[in-house]
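Colleague: just need the structure, nothing else, for what follows:
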Amino acid sequence: MMSGIGAALRSLNAPLRVLGFLVLLLSLSRLVLVAWYWDRVSPTGGVGFILLQGIRFDLVLMGMLIGPAMLAAPWLSGRQTGTQVLRFYLAAVTVFVVWLELGTTPYIDQYDTRPDYIYVEYLKYPREVFSMLFTAYGPLMLLVVFLTLISALLSWRLTRVARQESMHNRIVAVSLLMPVIMVLVFAMIRSTMDHHPVNPSTVAFSTDSMVNQLPLNSPYTLIYAIYEQNRDSRGGANYGRMDEAEALRIVVESAGLQGRVELNSTSPTMHLQTATRRLDKPLNLVIVLEESLGAEFVGSLGGEDLTPNLDALASEGIWFERLYATGTRSVRGLEAIISGFPPTSKRSVVKLTETQKDFFTIASVLKKQEYQTSFIYGGSAHFDNMRRFFVNNGFQTVIDQKDFESPQFVSTWGVSDEDLFLKAHEFLENRGEQPFFSLVFTSSNHKPFEIPEGKVASLSGPESARYMAVSYADYALGMFLEMARESSYWANTVFLVVSDHNSRVKGASLIPIERFHIPGVILGESIEPRRVPGISSQIDLLPTLLSLMGIDSRHPAIGRDLTLAEFYQGSGRAQMQYHEKQGWLVDGKVAILQPKLPIQTYLYEPGGVLAPVRTPDRTLEMEALAHAIWPVITIRNKAYHP
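Modeller: Sure, this is the predicted structure:
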C-alpha cells in the first residue's frame, strides 16, 4: 500500500513542476508590468499588495488549469499513452498562459486593461487583428512567439519521466489520494473561506482600473470575462421588438429631455440639469442605504410598528409615501440610487463586465466638483463586485470590514450597524472643509439576522429574528442621526435614508408590486419637510439630490427631479425587475413584460391584486417596452458615461 501511495504521489511531479514554473513566470511578468507602468502604480502605494495578491490569483488560475492534470495524473501514469496525453495537455496549458500573459502589454496599451471579452470577439477577425498586432508591435510580438515556444519546450522537458511505474495494486492507493487532491484543487480555485470565492473585486484597491488589474493575470481575466459574458447573455430577456431610435425617443420624452439632448451622440441622454435651489455653497451628501427594509416593516407606511426612529423622520424631511425599488437585490438598488440606471433582465451594472469603467455614478459627478467620495460598508466590499465597480467609477475611498479596529459585534455579513455608523460618523467628522459624498451601506438586517444582545426588546414567534433585526437596524440608524445632528457636518449636509430592496419579495402575482414598496426620506437642516404621495422610483433620487444640494451638472440619468413643480407629488412611474419579468407602474395600471410573451396591462391599486384590462393600453405597453430595451442598448453601446 505504501509503495502504491508513493508511486501515486510521484505521478504528481509533472503537473506540480509546470505549476511552479508558470507561477514563477506570472510573478516575473507582473514585476515587469509594475515597472513598465510605474508612473501609475507608484501613486497607489500598492506594490506589495499587487505582488502578494498576484501569487494568490496565479494559484487560482493553476487550480483551474493544472488542477485537472493533478486529478488525472495518478490514473494516467504507468501507461505510455496516458503519460503522453498528460504531457501534451500541460504543454498546451503552458502555451495558453504564456501567450496571453506575455501579450498583455500591447493589449493594455490598446484598451487600458488586461485581456477581456473583446479579446474573444476579435478572434473572429484573426487576419485583421494579427496584422494590426504585428504591424504596431512587430518586435514585441515576435519575442512573445519565441518565448511561448521556448516555454512549451521547457514544459515538455519538465514533464519527462525517467521510467514508467507499474499501475499494479495501485487502484486503492490512488482512490485514497483522490479526496486530498480534490480538496487541494478546490481550495486553490476558491482561495477564501468567505461566502463567495475571490473575484476581480477582491483586488480592486485603487481608483485606477488598470492598476487594479495588475494583481490578476491575463489568462484569469480572459476566463472570467467569458464566464461573465455567458451569464450576461443568458440574462438578457427578449420582451419584444422595437426600433432602437423609437425606444430612445420614448425614453427621452418620458424623462422630459426633448430638445436638451443630442440623440446621435455617444451619450444620447446626456443633458445639463440645473439645480432648483441656489446656494452660496453646495451641500455635502450622505446616503444611508438600509439593507432589506421593506415598507411592510415601517409603521408610517402601513407596516409593522418596528421603526420608530425612521417613522419620526416622516415629519422632518421629504418623505416618500410610494417609493418603489427597482429590483430584489442590493446591487439592483445600488445601480438605481448611485447611477440612476433602470433595471434590466441582465445582471446589475455593478457586476457587468462592460460597466466596470467609465460608467456614470453620482460619485463621478461630485468627484469632478472636487468632492471627496467614499463608500463605507461593514462587510467585505468585494462582495457582489462592489469595490471594483465603485473604485473604477468615481469612489475615491472604500472602507470595509478589514478597516474596523476591535468592532463591538461581528456577524456573518460583517460588523454591526452600530460599529458601521460609529466609523462613518468619525470619518465624516474628519472631513473638515472638504466637501464630501459618502455612501453608507448597512448589513445587520440580513438573514440570518445576527445582532448584538440587549439592544432591542426580545420577541418570540416565527418572525422574531427578522423583526428584531429590523428593530436593531432602526435603533442604530437613530443613534447615527442623533450623532449627526450634534456634528460639525449636519448643517451643510443633505441626508438620504433609503432601502435597497425588500427582504421578502415574493407572491402569487406575476409581480408582487407591494413587495417593491420601500421607505425613503431626504432630510437635513436646510430641507423643508413635506410628503410625496405619488409613485416614485429609486432612479428619481439622484437628480432630486443634486438639485437639493444646489449642484448644476451634466449627466445621462433619466430619473425625474422631484423638486420640479411638475413632479412635486411624485414622478408618476416606477420600473421594477422581478426575476425574468419586468413591470412598468403608473397610477392605476401596470404593464408587465415577460420573455417571448405579449405585453399585458393590468389594473392595480396599492394593496390590491392585478386585474387584467379589457382594452390593453398600447401607449403604456410601448413605454414599458422602450424602458426595458433602452438600458440594454445603452450598456451595449457604452453610452452611459460620466
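Colleague: can we go C-alpha only for contacts and neighbour counts from here?
Modeller: Fine.
Colleague: can you tell me how far T207 is from Q372?
Modeller: With the distance defined as CA to CA, to the nearest Å, T207 ends up 13 Å from Q372.
Colleague: got any residues that touch both of these two?
Modeller: Contact criterion CA atoms under 8 Å, 6 or more residues apart in numbering; residues shared by T207 and Q372: Q396.
Colleague: thought Y371 was touching F437?
Modeller: Yes: contact status for Y371 versus F437: in contact at 6.6 Å, counting by CA atoms under 8 Å.
Colleague: the more surrounded of those two?
Modeller: Remark: of Y371 and F437, F437 carries more neighbours, 24 against 19, as counted by other CA atoms under 10 Å.
Colleague: quick check on that one: phi, psi?
Modeller: phi -130, psi 130 (degrees, to the nearest 10).
Colleague: for it, report the pLDDT, please.
Modeller: Looking at F437, its pLDDT reads 98.
Colleague: and the gap between it and S29?
Modeller: According to CA to CA, F437 and S29 sit 38 Å apart.
Colleague: which parts of the stretch 451-600 of the chain are helices?
Modeller: 464-485, 541-548 (DSSP state H, counting those that start in this stretch).
Colleague: which one, of those, ends up nearest to L313?
Modeller: helix 464-485 (9.9 Å; CA to CA).
Colleague: in that closest one, what counts as buried?
Modeller: Neighbour counts using 16 or more other CA atoms under 10 Å place 465-481, 483-484 of helix 464-485 among the buried residues.
Colleague: what's the answer for stretch 288-308, then?
Modeller: In stretch 288-308, counting by 16+ other CA under 10 Å, buried: 288-298, 300-301, 306-307.
Colleague: does R40 touch V211 like I think?
Modeller: Yes: using CA under 8 Å, R40 makes contact with V211 at a distance of 7.1 Å.
Colleague: of these two, which one has the most company?
Modeller: Neighbours around R40 and V211, counted as other CA under 10 Å, are more numerous at V211. The numbers are 27 against 14.
Colleague: check what pLDDT G236 gets.
Modeller: pLDDT, G236: 53.
Colleague: try W38
Modeller: 95.
Colleague: gap between the residue nearest to Q594 when sequence neighbours are not counted and A628?
Modeller: Setting aside the residues directly before and after it, Q594 is nearest to K581 in space (CA to CA, 6 or more residues apart in numbering), at 4.9 Å. Distance of K581 to A628, given as CA to CA: 10 Å.
Colleague: who has more neighbours, those two?
Modeller: A628 (28 against 17).
Colleague: for that one, what are its contacts?
Modeller: 239, 343-344, 582.
Colleague: redo those residues as CSV? Include pLDDT, neighbour count and distance to E335.
Modeller: CSV is the format used below for those (pLDDT from 0 to 100; neighbours: other CA atoms under 10 Å; distance: CA to CA, whole Å):
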residue, pLDDT, neighbour count, distance to E335
Y239, 88, 23, 21
P343, 96, 26, 8
T344, 91, 29, 11
Q582, 95, 29, 16
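Colleague: and these, which of them are in strands?
Modeller: Q582 (DSSP state E).
Colleague: residues touching the nearest residue to I527 once chain neighbours are set aside, list them.
Modeller: Distances taken as CA to CA, 6+ apart place G317 nearest to I527, at 6.2 Å, with adjacent residues excluded. Counting by CA under 8 Å, 6+ apart, G317 makes contact with 521-524, 527-530.
Colleague: pull out the buried residues from these.
Modeller: 521-524, 527, 529-530.
Colleague: mind putting the residues you listed into JSON lines with pLDDT?
Modeller: Supplementary listing: the buried ones among the contacts of G317 in JSON lines, determined by pLDDT from 0 to 100:
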{"residue": "V521", "pLDDT": "98"}
{"residue": "I522", "pLDDT": "98"}
{"residue": "L523", "pLDDT": "97"}
{"residue": "G524", "pLDDT": "97"}
{"residue": "I527", "pLDDT": "97"}
{"residue": "P529", "pLDDT": "97"}
{"residue": "R530", "pLDDT": "97"}
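Colleague: determine which two of the residues you listed are furthest apart.
Modeller: Maximum distance among the buried ones among the contacts of G317 (CA to CA): 12.5 Å, for G524 and R530.
Colleague: about what we covered before: which of the contacts of A628 lies closest to E433?
Modeller: P343 (36.4 Å).
Colleague: do you know how far the closest one is from E623?
Modeller: 14 Å.
Colleague: for F495, same thing?
Modeller: 32 Å.
Colleague: look at those two and report which has more neighbours.
Modeller: Taking other CA under 10 Å, F495 and E623 do not tie; F495 has more neighbours (23 against 17).
Colleague: how many other residues sit next to A336?
Modeller: The tally of other residues near A336 (other CA under 10 Å) stands at 27.
Colleague: tell me which element it falls in.
Modeller: helix 330-339 (DSSP states H and E).
Colleague: from L33, how far off is D109?
Modeller: 12 Å.
Colleague: I meant to write V298 there.
Modeller: 53 Å.
Colleague: again with R504
Modeller: For R504, the distance to L33 - CA to CA - is 47 Å.
Colleague: pretty sure R554 contacts S267?
Modeller: No: look at R554 against S267 with CA under 8 Å: they stay out of range, at 11.1 Å.
Colleague: neighbour-wise, which of these two wins?
Modeller: S267 (19 against 14).
Colleague: for that one, give me its contacts.
Modeller: 556, 639-641.
Colleague: which of these fall in strands?
Modeller: Going by DSSP E, the strands hold none of the contacts of S267.
Colleague: which two among those are spaced furthest apart?
Modeller: The two members of these with the most space between them (CA to CA) are P556 and A639, at 8.5 Å.
Colleague: any residues in contact with both of the two?
Modeller: By CA under 8 Å, 6+ apart, the residues touching both P556 and A639 are 267-268.
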